[in-house]
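>>> this is the structure alone, sequence omitted:
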């Protein structure tokens, strides 16, 4: 499993790891959807997700905010995530799935910048992300 939950007062922290920073963005989005109960096994829709920021830390939070909006507000349930482009100031990806609006298991209010850091540890990119529940 490429993520673990981290104890944090009144919030949930997730520690996500992947071999590359691009895969880290995908795994973080997958972890967010999994925590909310926003995953599905099928779907015929695809949505492009874009975010801009000043560095990879800000990009990760903004990318996850876009995913959160699609899942919580638009009722999109995710069956697959691909990253199409990642630069120092922008990210573009594709979410596959469906606009089913199926009930979620948990409500995430926001993805926070609290203690956010993307680090290279051994042969992996690791990020700890705190979710405001």
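Looks like it arrived, so ask away. Fair warning: this is a prediction, and the values are worked out from it, not measured in the lab.
>>> SS state for the residue nearest the centre of the chain?
Taking CA atoms, centre = their mean as the criterion, residue 29 is the residue nearest the geometric centre of the chain, at 2.1 Å. Classification of residue 29 by DSSP: H, G, I helix; E, B strand; the rest coil places it in helix.
>>> measure it to residue 122 for me?
23 Å (CB to CB, to the nearest Å). Backbone N, C-alpha and C define where each C-beta goes, glycine included.
>>> repeat that for residue 96.
Distance, residue 96 to residue 122, using CB to CB: 31 Å.
>>> between the two, which one's more packed in?
Legend: neighbour count by other CB atoms under 10 Å for residue 96 and residue 122, higher for residue 96 (17 against 6).
>>> and the pLDDT at the more buried one?
For residue 96, the model assigns a pLDDT of 97.
>>> settle this for me: it is touching residue 46, isn't it.
Yes - in this structure residue 96 lies within contact range of residue 46 using CB atoms under 8 Å: 5.2 Å.
>>> tell me the helix or strand right after the lowest-mean-pLDDT helix or strand in the chain.
Scoring the helices and strands of the chain by mean pLDDT, DSSP states H and E places strand 3-8 at the bottom, with a mean of 68. Once the chain leaves strand 3-8, the next helix or strand it forms, by DSSP states H and E, is strand 11-18.
>>> and residue 80, which helix or strand is it part of?
strand 77-86.
>>> in that strand, what's buried?
Applying a neighbour-count criterion of 16 or more other CB atoms under 10 Å, one finds 77, 78, 79, 81, 83, 86 buried in strand 77-86.
>>> contacting residues around the residue lying closest to the first one once chain neighbours are set aside?
Across the structure, with CB to CB, 6 or more residues apart in numbering as the measure, the residue nearest residue 77 apart from its sequence neighbours is residue 40 (4.0 Å). Contacts for residue 40 (CB atoms under 8 Å, 6 or more residues apart in numbering) come out as 77, 78, 79, 97, 98, 100, 102.
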